[in-house]
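1. attaching a predicted model along with its sequence, questions to come.
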Amino acid sequence: DSGVAAGVAGTWALRRAALPSAGLYPIAAVGITVLAYAAGAVLHAAGFLAVYVAGVLLGNARLSHRQAILGFADGLAWLAQIGLFVLLGLLASPGRLGAAVLPAVVAGLALVLLARPLSVAVSALPFGVGLREQAFLSWAGLRGAVPIVLATIPLSERVPGAERLFDVVFVLVVIFTLVQTGTLGPFARRLRVTAPAEAAEIHVETAPLERMRADLLQVEVPPGSRLAGVHVDELRLPLGASVTLVLRDGVGFVPAPDTRLKTGDSLLIVATAGVRDAAERRLRAVSRRGHLARWFGEYGDEVVN
């Protein structure tokens, strides 16, 4: 399958790539999904299915800058959904939808009570999915804009009756989404298929720093800097600024108060917005005069007189 091939090859490439900017990784991931669609089209396969499979493989892989990739994909998905619903709104005519309500309800009941349980049983039974899970899958089903989008395919091909089919699918999705959405939680608890104790993936973002109005500063210890030889506690950073990590010879570690800085070290410092300027001035002062900077009248101003 082109989607599997693109997902596996893309995962391998992104794990080993050394791109010049972190912002290029999300673009590369999107490019891989475009490649999956193109390969599917060339092979006369389902391009959308290839994109879906490649996206699943990439989304579950441990990639460099994974959170940046997921954030970019999430924003792109929201943008696509906005455009999609605008287009669907242009295709749907309120004057035609009233006549589609009864056929949509009848088709929806047949789908929920008969067609979907049978299709779920046939699809899930080989994988050992239990009856309770199958019942929940049958009730949940495929919702959102996807069925409506699929209904636009015969509409774009000008198939006879495609307009009525689109109206029925549109009304069906709207009605059953509104009816079933509020019942998914109670139904899952009734079937005991919820798993509140399962560990979830921890998403690491910069949001906590934004909420506390803090910045992450990187400070290098170049040759000749008086920061070399200074202990971390001798930096005397203002309250609200702290050295969180030291990178030395390619190895990162959390420093202790008595950790002595060395030439070539790279420091990561978290500083709130209110003390950032003071922290930068203190670091410049120590870099010029050492930990006794204030005794020499050095306060880390940009220009030394």
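-> Cool, the structure landed.

2. now do the SS call for residue 215.
-> strand (DSSP: H, G, I helix; E, B strand; the rest coil).

3. hang on, it packs against residue 271?
-> Yes - if you go by Cβ atoms under 8 Å, residue 215 and residue 271 touch, sitting 5.8 Å apart. Where you see a C-beta, it was placed from the backbone N, CA and C, and this is true even at glycine.

4. out of those two, which sits in the busier spot?
-> residue 271 (22 against 15; other Cβ atoms under 10 Å).

5. my read: that one touches residue 241, true?
-> Yes - the criterion here is Cβ under 8 Å, and residue 271 meets it with residue 241 at 3.9 Å.

6. spit out the residues that contact those two alike.
-> Counting by Cβ atoms under 8 Å, 6 or more residues apart in numbering, the common neighbours of residue 271 and residue 241 are residue 279.

7. helix, strand or coil for the residue sitting nearest the centre point of the chain?
-> What sits nearest the mean C-alpha location of the chain, by Cα atoms, centre = their mean, is residue 70, with 2.5 Å. The local conformation at residue 70, judged by three-state DSSP, is helix.

8. how much space between it and residue 37?
-> Per Cβ to Cβ, to the nearest Å, residue 70 is found 20 Å from residue 37.

9. any idea how far the spatially closest residue to residue 48 that is not a sequence neighbour is from residue 145?
-> Excluding the flanking residues, the one nearest residue 48 by Cβ to Cβ, 6 or more residues apart in numbering is residue 37, at 7.4 Å. To residue 145, residue 37 is 18 Å away according to Cβ to Cβ.

10. residue 244 - that's part of a strand, no?
-> Yes - Residue 244: assigned to a strand according to three-state DSSP.

11. make 8 the starting number, not 1.
-> Okay, using 8 as the starting number, the last item reads as residue 251.

12. and residue 235, what does it touch?
-> Taking Cβ under 8 Å, 6+ apart as the test, what residue 235 contacts is 228, 268-270, 272.

13. of those residues, which is the nearest to residue 159?
-> For the contacts of residue 235, the minimum distance to residue 159 (Cβ to Cβ) is 58.5 Å, reached by residue 272.

14. how many residues are close by the residue nearest to that closest one when sequence neighbours are not counted?
-> With sequence-adjacent residues excluded and distances taken as Cβ to Cβ, 6+ apart, residue 272 is closest to residue 228, at 4.4 Å. When neighbours are counted by other Cβ under 10 Å, residue 228 registers 21.
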